[in-house]
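> Give me the fold of what follows.
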Amino acid sequence: MAGATAPLLGLQKKSLREQALAALRAAITSGELEPGRHLVETELSDMLQISRGTLREALRQLEQEGLLSAGPRGRLSVRHLDAKEIRDIYSVRAALESLAARTLCELPDRQHVISSLKSAIEAMAAAEKASLQDRVESDLEFHRTLCRLTGNETLLHSWESLEGSIRMSIMFAGQDKGVMNMSVDRHYDIVAAIETGDATLARNTIREHMDTAAANLVA
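Predicted coordinates:
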């Protein structure tokens, strides 16, 4: 992997596993490690300057997140998604986030929810000139916040299990298509629907948001 750039250079000694996870996620999201790429442990451990044991822990986590897939004899490679898989991912996201929106609509006092979601959108707006990775993270944080505010830990964990696949779907589509789904206005529509307390409106807004996102990614 000659010519590797920032994400896959040496790490500090503190929390090596977490740093390895962050570096590898960044390399996959940025396309430095492209879909279908077979991972060679000796190269990666040398590049990151960590033990192969620490690297394997990080790789197992990334496999669980859906960023990596195991081939013959357990050899890991960067996951490649097809159009059907992307539609399936966003269909499940729509179901989970529709449940989140309905739950939030049923709260007697939604002011703190609306304030938190608007703050997340402001962070998205602030990241508009940042790197694709930063924009992806700010977009995901909005949707993570939507789920977290329900107080339903099972819902949140289910959503978090899709994060790796969501990142891979953006890589599949490329930067231009991915950025189309990060419109601040489209996310304000979700907040406005929840603010009304109309669960049907909120659910339909979420489903339209996800249907459009999936269509953009596979177009």
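> Buried residues in stretch 159-170, which are they?
For stretch 159-170, burial by neighbour count (16 or more other Cβ atoms under 10 Å) applies to 159, 162, 163, 164, 165, 166, 167, 168, 169, 170. To be clear about C-beta, it is placed using only N, CA and C from the backbone, and glycine gets the same treatment.
> Name all residues that make contact with the fourth one.
For residue 164, the residues meeting the contact criterion (Cβ atoms under 8 Å, 6 or more residues apart in numbering) are 62, 64, 65, 66, 67, 79.
> Check the gap between the fifth one and residue 162 for me.
Summarising the geometry, the distance separating residue 67 from residue 162, computed by Cβ to Cβ, to the nearest Å, is 12 Å.
> do the first one as well
In this structure, residue 62 and residue 162 are 14 Å apart, going by Cβ to Cβ.
> before we move on, what about the fourth one?
Noted for residue 66: a distance of 7 Å to residue 162, by Cβ to Cβ.
> What mean pLDDT does stretch 21-39 get?
Mean per-residue pLDDT for stretch 21-39: 85.
> Show residues contacting it.
Taking Cβ under 8 Å, 6+ apart as the rule, stretch 21-39 contacts 4-5, 7-8, 11, 44, 48, 58-59, 61-62, 67-68, 71, 75-81, 131-133, 136, 167-168, 170-172.
> Going through the residues you listed, which ones are buried?
Of the contacts of stretch 21-39, these count as buried by 16+ other Cβ under 10 Å: 7-8, 11, 44, 48, 58-59, 61-62, 67-68, 76, 78-79, 81, 132-133, 136, 167-168, 170-172.
> Inside helices: which ones of those residues?
Secondary structure from DSSP state H places 44, 48, 58-59, 61-62, 132-133, 136, 167-168, 170-172 of these in helices.
> Mind picking the two most distant members of these?
48 and 172 (25.2 Å; Cβ to Cβ).
> ok, and for the lowest-mean-pLDDT helix or strand in the chain, which residues are buried?
Across the helices and strands of the chain, mean pLDDT, DSSP states H and E gives its lowest value to helix 175-180, namely a mean of 78. Buried residues in helix 175-180, counted by 16+ other Cβ under 10 Å: 177, 178, 179.
> Using TSV, lay out the residues you listed together with distance to residue 92.
What follows is the buried residues of helix 175-180, written out as TSV (distance: Cβ to Cβ, whole Å):
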residue	distance to residue 92
177	20
178	19
179	23
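> Quick one: the strands in the protein, in order.
For the chain, applying DSSP state E gives strands covering 68-70, 76-78.
> Would you mind giving these as a markdown table with mean pLDDT added?
Below are the strands of the chain laid out as a markdown table (pLDDT from 0 to 100):
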| stretch | mean pLDDT |
| --- | --- |
| strand 68-70 | 90 |
| strand 76-78 | 93 |
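> Show me where the protein has its helices.
Using DSSP H, helices in the chain cover 16-30, 41-48, 52-65, 83-105, 111-126, 132-148, 153-160, 163-173, 175-180, 184-196, 199-218.
> quick one, phi psi at the residue sitting furthest away from the middle of the chain?
Farthest-out residue of the chain from its mean C-alpha position, per Cα atoms, centre = their mean: residue 108, at 30.2 Å. Torsion angles at residue 108 (phi, psi; degrees, to the nearest 10) stand at phi -70, psi -30.
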